[in-house]
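>>> Just a sequence and a predicted model for now, questions to come.
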Amino acid sequence: MIISNMTKYRSGIKMIKLNYKSKSSGFTIVELLVVIVVIGILASITVISYTGIAQRATAATLQSDLNGATKQLKLYQAVNDSYPTGIDCSASPAANTICVKTSAGNTLTYTPNNLISPTAFRLSEGTSTGTYYSVTDNSAPALAGGAPGTLTALSTPTIAAGTQPYYVVVSGDGRSAYAVNNSANTMSMYSRNTSTGVLTALGTPTIATGSSPYCVAISSDGTSVYVSNATSRTVSMYSRDVNTGMLTPLGTPTVAAGAMAAGIVISADGTSVYVANTSDSNASMYSRNTSTGMLTPLGTPTISTGSNPFAIAISPDGTSVYVTNKTSNNISMYSRNAGTGLLTPLGTPTIGAGTVPYGIVVSSDGTAVYAVNTNSNNISMYNRNAGTGMLTALGTPTIATGSLPFGIAISPDGASVYAANLSSNNISMYSRNTTNNALTALSTPTVSAGTSPDAIAFSPDNNFVYATNADSFNITMYKRN
């Protein structure tokens with residue numbers, strides 16, 4: 001009995017010891033949560049510290065690269081009295097270029113502003129993760145908001161236009177903008193804040209045009225504005241008050257054009273105006289009185305184009321004119337007589353484009369031409385021979401856009417190209433290699449627009465972009481990085 005009780009007693013002691021051991025060797029739920037929280041805090045501190053170190057290292061690398069490149073560019077300028085036209089590290093570099101290298105994996109964008117000043121440039125470098133620094137000839141490397149050429153909508157992103165705005169222009173002094181409203185038979189008039197880029201409707205916000213206005217052009221001196229009217233087959237002519245931006249119809253308010261008058265362009269010297277007549281498959285040619293702004297048809301008033309011409313562009317030097325032909329899927333090429341304004345087809349009068357080419361632009365340096373092809377959803381890229389005006393397709397002849405590109409614009413500094421995509425309701429953004437004229441989609445390739453964007457215009461200072469949205473009846477306003 002005693003033995004039995006002793007056995008039970010010892011067993012009880014063992015059980016007590018076991019129970020005590022199990023309780024004392026574990027963690028409570030609260031203790032585990034505390035440990036987890038502490039580990040999380042330590043991990044966060046480690047990640048933040050590492051991220052900060054990595055960001056500082058990236059910034060230091062970009063700044064060092066840009067400082068080194070700036071020294072190269074300024075040395076070149078000291079020897080040659082101007083900055084190079086491009087940066088080229090190929091085996092056979094182009095003339096007037098230098099080789100500027102970057103850290104592995106980074107992208108360098110160089111913009112010579114030789115048309116503005118021979119002593120100006122902009123240089124940007126970015127990483128694959130989207131960090132960009134920029135430097136100019138008179139500034140230190142600084143953090144940039146994104147890839148050069150990236151568009152950001154203004155804080156007030158849009159301003160109302162009329163019904164179906166089809167085209168927009170900004171005056172050379174940067175103080176005014178005008179948009180034609182195709183279904184309202186009017187043109188909206190805006191004043192423009194040259195610092196913020198914001199447009200404001202004038203006190204008298206619109207002026208009457210002809211029937212179905214399609215395109216608008218402004219003279220380089222800012223004194224005249226012209227509108228092509230598709231249905232009434234006319235060009236409306238206005239004088240512009242350079243102080244207020246208000247337009248007034250000329251005493252003779254219109255001049256005859258062809259059927260479905262569409263694209264219109266004025267020469268830089270202000271002496272000639274040309275209009276593409278879609279249904280007539282020709283272009284009207286006018287001389288312009290630089291004092292009164294009046295247009296007069298030339299003795300030979302038209303010249304044949306391809307089938308259904310739409311847009312028209314003129315080279316900055318005034319020696320060449322180009323017309324997109326949307327049914328024959330090509331571009332007509334002409335030489336221009338600066339004295340008479342008459343156009344003459346080049347020996348090879350056309351060059352192939354994509355399917356249904358619409359908008360067309362010439363770069364400010366006169367070396368490149370770009371045309372959007374609406375039904376093939378791309379941009380055709382061409383080199384231009386400044387001596388002859390002939391175009392030659394680049395080795396890679398096209399680059400993709402969004403859906404149904406319609407309008408196209410190139411920045412005055414020649415570094416950026418944008419395409420307005422009617423169906424995808426956005427704008428495709430590209431950087432331009434000023435050495436070989438190739439376009440490259442930006443790391444953020446598009447920016448949202450309104451409904452059916454169809455035309456794009458730049459401010460003369462390169463800093464702002466405006467797009468007409470045909471079906472949301474407004475203009476989207478952007479800041480350009």
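Received it, and whenever you're ready, just let me know what you need.

>>> Assign Gln77 to helix, strand or coil.
Secondary structure assignment for Gln77 (DSSP: H, G, I helix; E, B strand; the rest coil): helix.

>>> Look at the residue nearest to it when sequence neighbours are not counted and report its pLDDT.
Distance criterion Cβ to Cβ, 6 or more residues apart in numbering; nearest residue to Gln77, sequence neighbours excluded, is Tyr83 at 5.0 Å. Glycine gets a C-beta too; all of them are placed from N, C-alpha and C. Note for Tyr83: predicted pLDDT of 87.

>>> So what's the residue count around Tyr83?
Neighbours of Tyr83 under the rule other Cβ atoms under 10 Å: 24.

>>> And the one 3 residues further on, by the same measure?
As a burial measure, Gly86 scores 19 neighbours (other Cβ under 10 Å).

>>> who's in contact with it?
With contact taken as Cβ atoms under 8 Å, 6 or more residues apart in numbering, Gly86 is in contact with Ala94, Asn96, Thr97, Tyr110, Pro112, Asn433, Thr434, Thr435.

>>> re the thing from before, the residue nearest to Gln77 contacts Pro112, correct?
Yes - assessed by Cβ atoms under 8 Å, Tyr83 is found in contact with Pro112 at 5.1 Å.

>>> hey, what's in contact with both of the two?
Here Tyr83 and Pro112 have Ala120, Phe121 as joint contacts, going by Cβ under 8 Å, 6+ apart.

>>> Quick check: which element contains Ile41?
Ile41 belongs to helix 29-80 when assigned by DSSP states H and E.

>>> pretty sure Gly197 is touching Asn462, no?
No - counting by Cβ under 8 Å, Gly197 stays clear of Asn462, with 11.2 Å between them.

>>> of the two, who's got more company?
Neighbour count, other Cβ under 10 Å: between Gly197 and Asn462, Gly197 has more, with 22 against 19.

>>> OK, contacts around the more buried one?
Each residue near Gly197 by Cβ under 8 Å, 6+ apart is listed here: Leu154, Ser459, Asn463, Phe464, Met477, Lys479.

>>> mind listing what's buried in stretch 445-465?
Neighbour-count burial for stretch 445-465, counted by 16 or more other Cβ atoms under 10 Å, picks out 445-447, 449-450, 452-459, 462-465.

>>> ok, Thr204 - contacts?
Met189, Met246.

>>> Please identify which helix or strand holds it.
Here Thr204 sits within strand 199-208, counting by DSSP H and E.

>>> in that strand, what's buried?
For strand 199-208, by 16+ other Cβ under 10 Å, it's Leu199, Leu202, Thr206, Ile207.

>>> Helix or strand next in line after that strand, which one?
Next in sequence after strand 199-208, counting helices and strands by DSSP H and E, comes strand 213-218.

>>> so how far is the helix or strand following that next one off the chain centroid?
As assigned by DSSP H and E, the chain's next helix or strand after strand 213-218 is strand 224-229. From the chain centre to the centre of strand 224-229 is a distance of 24 Å (Cα atoms, centre = their mean, to the nearest Å).

>>> got the angle for strand 224-229 vs strand 213-218?
Strand 224-229 and strand 213-218 are oriented at 160 degrees to each other (axes from the mean of the first three to the mean of the last three Cα atoms, to 10 degrees).

>>> I'd like the average pLDDT over strand 224-229.
The pLDDT scores in strand 224-229 average 98.

>>> now stretch 389-402
Rounded mean pLDDT across stretch 389-402 is 98.

>>> pLDDT wise, what is Ser128 at?
So, for Ser128, pLDDT stands at 69.

>>> for the stretch 101-250 of the chain, what are the low-confidence residue spans?
Applying pLDDT under 70 to the stretch 101-250 of the chain flags residues 113-119, 128-130, 145-146.

>>> Could you rerun that using 50?
Along the stretch 101-250 of the chain, segments meeting pLDDT under 50 span 115-116.

>>> Which of the contacts of Gly86 fall within helices?
Among the contacts of Gly86, DSSP state H puts none in helices.

>>> got the end-to-end distance for stretch 429-445?
End-to-end distance for stretch 429-445, by Cα to Cα, to the nearest Å: 5 Å.

>>> go on, stretch 87-95?
Stretch 87-95 has its terminal residues 10 Å apart, counting by Cα to Cα.

>>> Show me which parts of it are buried, residue by residue.
For stretch 87-95, the neighbour count (16+ other Cβ under 10 Å) marks Ile87, Asp88 as buried.

>>> Centre of the chain to that stretch, how far?
Offset of stretch 87-95 from its chain centre (Cα atoms, centre = their mean): 26 Å.

>>> repeat for stretch 322-337
Relative to the mean C-alpha coordinate of its chain, stretch 322-337 is positioned 23 Å out (Cα atoms, centre = their mean).

>>> How about stretch 123-142?
Relative to the centre of its chain, stretch 123-142 is centred 19 Å away, using Cα atoms, centre = their mean.

>>> Mind putting the buried residues of strand 199-208 into JSON lines with distance to Leu404?
Shown next, in JSON lines, are the buried residues of strand 199-208 (distance: Cβ to Cβ, whole Å):
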{"residue": "Leu199", "distance to Leu404": "26"}
{"residue": "Leu202", "distance to Leu404": "32"}
{"residue": "Thr206", "distance to Leu404": "28"}
{"residue": "Ile207", "distance to Leu404": "30"}
